[in-house]
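Undergrad: pasting the structure only:
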């Protein structure tokens, strides 16, 4: 009878061991889960892709599908920061369609994100309302760039020469002062 109890006990222990191993193996599958996040601003979809521990998805394949007919409307790859942006194609507006963004990060890592047509319309509405503001910001940005260019061009040859002469003078003065302290002659 004790042999039967030992066999039952060992079967129970084996089942517990298998259950534990299966439980821990499923934890490992979540260690490298890939995430995708997308938002629409001013008619542009901005995508951010990262793994569960925060590491960015480098060169992840992105495919964007129109949900009404499943057609591919955009494809690209993420940069070294896991980012990708693209302008919403007019066909999406014409068809009043949602879009599905699919990330393939390799080795079975896959994620999806849906962008509703409502979000797309709202972003275009904001773009239209703020188009004059955007044009004004672009004009100011161009003015700042022109000012930077003018500032860079103000560096002239005589200023560079006078700076070099000042550095040589200070260096020579420091050299002679340190030699005098050491007891050496000029």
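TA: Done, it's in. Since this is a predicted model, take the numbers as computed values, not measurements.
Undergrad: can you give me the helices in the protein?
TA: Here the chain has its helices, by DSSP state H, at 2-29, 90-95, 117-129, 131-153, 157-181.
Undergrad: worst average pLDDT in the ones you listed?
TA: Sorting these by mean pLDDT places helix 2-29 lowest, at a mean of 56.
Undergrad: domains of the protein?
TA: Following automatic domain parsing, the chain resolves into domains at 1-30, 34-129, 157-186.
Undergrad: turn those domains into TSV, including mean neighbour count and distance to residue 144.
TA: No exception for glycine: its C-beta is placed from N, CA and C like everyone else's. Putting these into TSV (neighbours: other C-beta atoms under 10 Å; distance: least, C-beta to C-beta, whole Å) gives the following:
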stretch	mean neighbour count	distance to residue 144
domain 1-30	9	47
domain 34-129	16	21
domain 157-186	9	23
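Undergrad: any chance of these in a markdown table, plus distance to residue 145?
TA: Output for those, formatted as a markdown table (distance: least, C-beta to C-beta, whole Å):
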| stretch | distance to residue 145 |
| --- | --- |
| domain 1-30 | 47 |
| domain 34-129 | 21 |
| domain 157-186 | 23 |
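Undergrad: measure residue 53 to residue 114 for me?
TA: Using C-beta to C-beta, to the nearest Å, residue 53 is found at 25 Å from residue 114.
Undergrad: which ones are touching the spatially closest residue to residue 111 that is not a sequence neighbour?
TA: Leaving aside its sequence neighbours, residue 111 sits nearest to residue 36 (C-beta to C-beta, 6 or more residues apart in numbering; 4.2 Å). Counting by C-beta atoms under 8 Å, 6 or more residues apart in numbering, residue 36 touches 47, 48, 49, 101, 103, 111, 112, 113.
Undergrad: specify which member of these is nearest to residue 15.
TA: residue 111 (34.9 Å; C-beta to C-beta).
Undergrad: hmm, who's touching stretch 103-122?
TA: For stretch 103-122, using C-beta under 8 Å, 6+ apart, the contacting residues are 32-38, 40, 43, 45, 47, 49, 51, 57, 60-63, 67, 78, 88, 92-93, 96-102.
Undergrad: same check on stretch 58-69?
TA: By C-beta under 8 Å, 6+ apart, stretch 58-69 touches 34, 45, 47, 49, 71-80, 82, 84, 86, 91-92, 95, 97-106, 114.
Undergrad: let's see it at 6 Å
TA: 49, 72-78, 80, 84, 95, 97-105 (C-beta atoms under 6 Å, 6 or more residues apart in numbering).
Undergrad: give me the distance between the two termini of that stretch.
TA: 29 Å (C-alpha to C-alpha, to the nearest Å).
Undergrad: same question for stretch 43-63.
TA: 18 Å.
Undergrad: and that stretch, average pLDDT?
TA: 91.
Undergrad: ok, back up a step: out of the contacts of residue 36, list just those in strands.
TA: Using DSSP state E, 47, 48, 49, 101, 103, 111, 112, 113 are the members of the contacts of residue 36 that sit in strands.
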